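Asker: Sharing a sequence plus its predicted fold:
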Amino acid sequence: MPNTQLYGKDARNALLEGATKLNKAVAVTLGPAGRWNLFRHMGSVVSTKDGVTVAKEIQLSDPYESQGADLIKSAAGQTVNEAGDGTTTSVLLAHAIFKAGCDAIDAGAEPVQLVKGIERAKTLIVGDYDAKAHKFQGGLLESMSVPCSPELAFQAATISANGDEAVGKVVSDAILRIGVDGALTIGESHSPDHVLEIVDGMQIPAGFTHPYFINDGARNRVVYDNVTVGLFDRRISTANEATGILTAAIKAAQKDSRALAVLLIVADIDPEALAHILRQKMKTDSPPIPVVVVRAPLWGDARRDLFDDIGIITGANRIESPQGKDYDQLSIKSFGFLERVVVTQSKTIMTSPFSAEENNLYNVNVLEPYLDRIKEIIADEGLRPDERDAAKGRLAALTGGVAVIRVGGTSADAVQETKFRVEDAIHATRAAVSEGVVPGGGSALFFAMLIQSAVPSLASTSSESKGEDLIYSILPRPMEQIAANAGFESVDVAAFVSERWKEGRPKCGFDAGSGKLIDDMIAAGIVDPLRVVRSALNAACSAAAILLKTECISAEDPQVPQK
């Protein structure tokens, strides 16, 4: 079909209609009394009030309207990328900004200057972006924030999970245990309850090379404490090489006044060398040296990176090819130490020593700069996505271990719906622990409006001034929508909160769950992660700015026959 165009007000009206339809579906999910959406997914009917899930399912038939909806969806996507939550708020704000902007343009405002005013007001609220720190700093929202305590982490998770305290507890426990950069996955429980499993230490995707190494037959695994570690980035081919490694490990332990309880070898190994190690293990005329061989996973740069990561937590040096000619000459510095190792057929979990004193490499002076280098890789937008994802995995493995949240439920549909909320709660809790929290229920944005409305504008043009005023006028929308979804008069709620704030209660707000005005939302546990609120407003302004500056849209018009 041929492309057709819409211009000026007609174009904006079509885009606004699409944005409005999206907003109607998504905005009703906001808050503790948010309403539900039904849609069909993979043949099943899904019920959810997860905003980002609802937004993804909205597909409009009109090609012009769909462009408006899709750009608003991009705001939700940007919010997910930056904070992992807040998608419903970003859709609500983007629509409100675009609608108010269209009215301003129809009344004579110049679009580019209008957007300039919007950007100026947004910066005052969210702060300036620090490219080095890769986050926003300063701004009115940050001035309202407080550090996130364990109690507030639980509340942030619970609120993001739509008031589900069971989800809030399991998610907050997981984040507090493994840290904001820790690896966390979602699985399914075999019971109605949610279960948290924590794997302390580092996990690598490689298991034992021979079942004879198993010493825990009931669980088909190898388990040892007080482990000496050797990392060999070179194939071990012969019996002589294997003997040299065993001899060097014994000498290294003796020089360090240690008894060699067990030796963990991570390497590619040929059958001759492996057979020799197994024969040594089977000797009965003298106490054998407990050894377990794990095949080195990955290859090339990825393997070297993994070995270096293991070295950081164990103190072992990666033994490269030139160093491997005389294995019996290896020194104590070549080996590392672990508190415990658990090896299954497919993975190895390594727990670092009890204290930093046991391993002079595992301390803040070495570990923190090492982690900083990995973070620089993650932040390097010039690298391929897979390279950055690999660096994220390395950082997670080094900083917090591995957690698995197993989601329970009474049916497959219930488990699936809960998984959506668990994902939101994970992102919200990470954001809260990382950068702190602000008064929830839309209060923080409402307070920003109250503060800035009393500050003289610095705009250089009338249109720019309208852009600033426009932002302040839409900031109450999240609080009003939360109240409306709970069946309260949004205008009355805004007036009541404003009165309380002016009376000197800077953390007050409205609890839509109970229908009560709260003097201290943070003390009551009704909080929003600072990063989420910032990201939602920032993404909304970006999407609305594109829409407001659009003068022409093109699309395949299904009403126009193809020639």
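Answerer: Received it, and whenever you're ready, just let me know what you need. Numbering: from 1, shown residues only.
Asker: Let me see the domain layout of the chain.
Answerer: For the chain, the structural domains run 3-146+436-556, 150-187+408-435, 203-362, going by automatic domain parsing.
Asker: Would you format these as a markdown table with mean neighbour count included?
Answerer: For every residue, glycine as well, the C-beta is placed using N, CA and C. Putting the domains of the chain into a markdown table (neighbours: other C-beta atoms under 10 Å) gives the following:
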| stretch | mean neighbour count |
| --- | --- |
| domain 3-146+436-556 | 20 |
| domain 150-187+408-435 | 21 |
| domain 203-362 | 17 |
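Asker: which one of these lies closest to His194?
Answerer: domain 150-187+408-435 (4.5 Å; C-beta to C-beta).
Asker: quick one: low-confidence parts of the stretch 51-200 of the chain?
Answerer: By pLDDT under 70, the weakly predicted segments of the stretch 51-200 of the chain are 182-183, 199-200.
Asker: can you put the domains of the chain in CSV and add distance to Lys392?
Answerer: CSV is the format used below for these (distance: least, C-beta to C-beta, whole Å):
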stretch, distance to Lys392
domain 3-146+436-556, 13
domain 150-187+408-435, 8
domain 203-362, 13
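Asker: Of those, give the one that comes closest to Val195.
Answerer: It's domain 150-187+408-435; of those, that one is closest to Val195 (C-beta to C-beta) at 7.1 Å.
Asker: So which of the domains of the chain is nearest Leu196?
Answerer: Nearest to Leu196, of these and by C-beta to C-beta, is domain 150-187+408-435 at 5.0 Å.
Asker: next one: that closest one to chain centre, how far?
Answerer: Computed by C-alpha atoms, centre = their mean, to the nearest Å, the chain-centroid distance of domain 150-187+408-435 equals 11 Å.
Asker: Quick one: end-to-end length of it, please.
Answerer: 14 Å (C-alpha to C-alpha, to the nearest Å).
Asker: cool, stretch 29-43 as well?
Answerer: Note: stretch 29-43 ends 23 Å apart using C-alpha to C-alpha.
Asker: Now do that stretch: everything it contacts.
Answerer: 25, 28, 45-51, 54, 57, 88-89, 92, 159, 162-163, 441, 478, 481-483, 485-487, 512-513 (C-beta atoms under 8 Å, 6 or more residues apart in numbering).
Asker: The most centrally placed residue in the chain: what secondary structure?
Answerer: Closest residue to the average C-alpha location of the chain: His427 at 4.9 Å, with C-alpha atoms, centre = their mean. Under DSSP: H, G, I helix; E, B strand; the rest coil, the three-state class of His427 is helix.
Asker: likewise Ile553?
Answerer: strand.
Asker: which one is it nearest to, not counting chain neighbours?
Answerer: For Ile553, ignoring the flanking residues on the chain, the nearest one in space by C-beta to C-beta, 6 or more residues apart in numbering is Ala11 at 4.7 Å.
Asker: tell me the pLDDT at that neighbour?
Answerer: pLDDT, Ala11: 96.
Asker: what about it, which helix or strand?
Answerer: Under the criterion DSSP states H and E, the helix or strand holding Ala11 is helix 8-27.
Asker: so where does Pro369 fall, helix or strand?
Answerer: Per DSSP H and E, the secondary structure element for Pro369 is helix 364-379.
Asker: For Phe420, which non-adjacent residue is closest in space?
Answerer: Nearest to Phe420 is Asp50, by C-beta to C-beta, 6+ apart, at 4.2 Å.
Asker: Report the separation between the one you found and Leu450.
Answerer: According to C-beta to C-beta, to the nearest Å, Asp50 and Leu450 sit 31 Å apart.
Asker: Val292 now?
Answerer: 64 Å.
Asker: same check, this time on Pro147
Answerer: Taking C-beta to C-beta, one finds Pro147 at 24 Å from Leu450.
Asker: do Ser411 as well
Answerer: 46 Å.
Asker: now Asp10
Answerer: Asp10 is 37 Å from Leu450, by C-beta to C-beta.
Asker: now do Gly504
Answerer: 13 Å.
Asker: same deal with Val342?
Answerer: 56 Å.
Asker: Ile546 contacts Leu71, doesn't it?
Answerer: Yes. Look at Ile546 against Leu71 with C-beta atoms under 8 Å: they come within range, at 6.0 Å.
Asker: wait, isn't Ile526 in contact with Leu152?
Answerer: No. Using C-beta under 8 Å, Ile526 is not in contact with Leu152, being 10.1 Å away.
Asker: Any chance you could list what contacts the helix holding Ala11?
Answerer: Counting by C-beta under 8 Å, 6+ apart, residues outside helix 8-27 touching it are 5-6, 37, 51, 54-55, 58, 60, 62, 64-73, 76, 87-88, 91-92, 94-95, 98-99, 102, 105-106, 481, 547-548, 550-553.
Asker: Also stretch 368-376?
Answerer: With C-beta under 8 Å, 6+ apart as the criterion, stretch 368-376 contacts Ile312, Ala391, Arg394, Leu395, Leu398, Thr399.
Asker: which secondary structure element contains the fourth one?
Answerer: When you say that, I think you mean Leu395. Using DSSP H and E, Leu395 falls in helix 385-399.
Asker: Show me the strands in the stretch 51-200 of the chain, by range?
Answerer: 128-130, 135-137, 183-188, 195-199 (DSSP state E, counting those that start in this stretch).
Asker: Same list, those strands, but as TSV with distance to Ala431 please.
Answerer: Listed next are those as TSV, based on distance: least, C-beta to C-beta, whole Å:
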stretch	distance to Ala431
strand 128-130	16
strand 135-137	10
strand 183-188	14
strand 195-199	20
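Asker: Mind checking those strands for the one nearest to Ser473?
Answerer: Nearest of these (C-beta to C-beta): strand 135-137, 22.3 Å.
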